[in-house]
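> Give me a 3D structure for the following:
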Amino acid sequence: MKFNHIIYKVEDGIAHVILNRPEKYNAFNFDLMCDIVNVQKVIKKDRNIRVVIISGKGEHFSSGIDIKSIMGQPLQFFKIGWKLNPFGTNMAQRFCIGWHRLPVPVICVMHGISYGMAMTLALGADMRYARPDTELAIMEAKWGMVPDMAGLQTIRSTISQDVANELIMTGDPITADKALEYGLVTRVVEDPMAEALAMAEKLKARSPDATAAIKFTNQKSWNGSTRALLARETLYQIAQLISKNWRIMDIRNRKDPNKPFVKRQYWW
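Next comes the predicted model:
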């Protein structure tokens, strides 16, 4: 699949998704939004991918939505927000929640400004590593709007409601250190890409089936009922115990640490 404004490459089981509109600070126009939604589909179909790393080319991760481009094309604006089923997802919501639905860990590497839509994209990742110079903001309030890209799904399980209210209602930027204090980023490090690659190698040493099951158990049960969590734990565990990768993990732990896994086996 051809992409307009992202670089997509897979190296040794790690899928790199690189925002590639540096002359516009990687601002999201319609084509870039389509690229994100489409690359999610490509990754989901490739059962050999073990980890996804999202990053941005140039001086900044992303300045957020390209207002001039999007608002200048009413039909594109309609396509981004339209959905027939109000309980389903539109393009803007898949932009964030689509990363949740991938059966592999997703790590976002952030630097420079990460505003608005860029923050929503980052919230879709399972881990967020930021450089100390990163500035983050949830900016819909500055445009007289409410967050509508599914980012609240992650925010509500990440930070307290009062802090969320401050950030969302004001739209004020915060530093990487403050984001770490709030829990919006996982780590603040000088070289977040190196940190992401090191984490990717650790994750590749685990069964891809178990990693997928752990991710989906957390995603679906973090704010759910205990009954649903217990049921999901049991079903996913049975799936692990009959999988080839569970037996391979046992061999790696006891005999041969370099025995390769087979590709992810189940529907996740």
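> how far away is residue 15 from residue 102?
According to CB to CB, to the nearest Å, residue 15 stands 9 Å off from residue 102. From N, CA and C alone the C-beta is placed, and that goes for glycine too.
> Which neighbours do the two have in common?
In terms of CB atoms under 8 Å, 6 or more residues apart in numbering, residue 15 and residue 102 are both contacted by the residues 43, 52.
> so residue 239 makes contact with residue 210?
No. When contacts are counted by CB atoms under 8 Å, residue 239 is not listed as touching residue 210 (9.4 Å).
> need the helices for the stretch 1-150 of the chain, in chain order.
Using DSSP state H, counting those that start in this stretch, the helices of the stretch 1-150 of the chain run over 30-45, 67-71, 74-81, 91-100, 117-123.
> got any ranges where the stretch 151-268 of the chain has weak pLDDT?
Where the stretch 151-268 of the chain drops to pLDDT under 70, the residues are 266-268.
> sorry, that was for the stretch 1-150 of the chain
70-72, 74-84, 86.
> Quick check, residue 33 in contact with residue 94.
No. Contact criterion CB under 8 Å: residue 33 and residue 94 do not qualify, at 9.4 Å.
> Show me the domain layout of this structure.
Taking automatic domain parsing as the reference, the chain has its domains at 6-202, 207-254.
> mind checking which of these is nearest residue 263?
domain 6-202 (4.3 Å; CB to CB).
> and the closest one, how far out from the chain's middle?
With CA atoms, centre = their mean, to the nearest Å as the basis, domain 6-202 stands 6 Å off its chain's centre.
> That domain: end-to-end distance?
Distance across domain 6-202, first residue to last, is 26 Å (CA to CA, to the nearest Å).
> Give the burial count for the closest residue to residue 9 other than its chain neighbours, as a bare number.
Leaving aside its sequence neighbours, residue 9 sits nearest to residue 16 (CB to CB, 6 or more residues apart in numbering; 5.1 Å). Residue 16 has 19 neighbouring residues, counting by other CB atoms under 10 Å.
> Same check on residue 175?
15.
> Would you mind measuring from it to residue 233?
For residue 175 relative to residue 233 (CB to CB), the value is 38 Å.
> same deal with residue 195?
Using CB to CB, one obtains 30 Å as the distance from residue 195 to residue 233.
> These two: which is more packed in?
residue 195 (20 against 13).
> Kindly indicate whether that one is helix, strand or coil.
Under DSSP: H, G, I helix; E, B strand; the rest coil, residue 195 falls in the helix class.
> dump the residue contacts of the residue nearest to residue 9.
Here residue 16 is in contact with 7, 8, 9, 10, 52, 53, 55 (criterion: CB under 8 Å, 6+ apart).
> before we move on, what about residue 6?
The contact partners of residue 6, by CB under 8 Å, 6+ apart, come to 17, 18, 19, 20, 32, 35, 36, 39.
> and it, what are its bridge partners?
residue 19 (DSSP bridges).
> Please report how far the closest residue to residue 62 other than its chain neighbours lies from residue 73.
What sits nearest to residue 62 in space, not counting adjacent residues and going by CB to CB, 6+ apart, is residue 118, at 3.4 Å. Remark: distance between residue 118 and residue 73 (CB to CB) = 20 Å.
> Alright, I will stop here.
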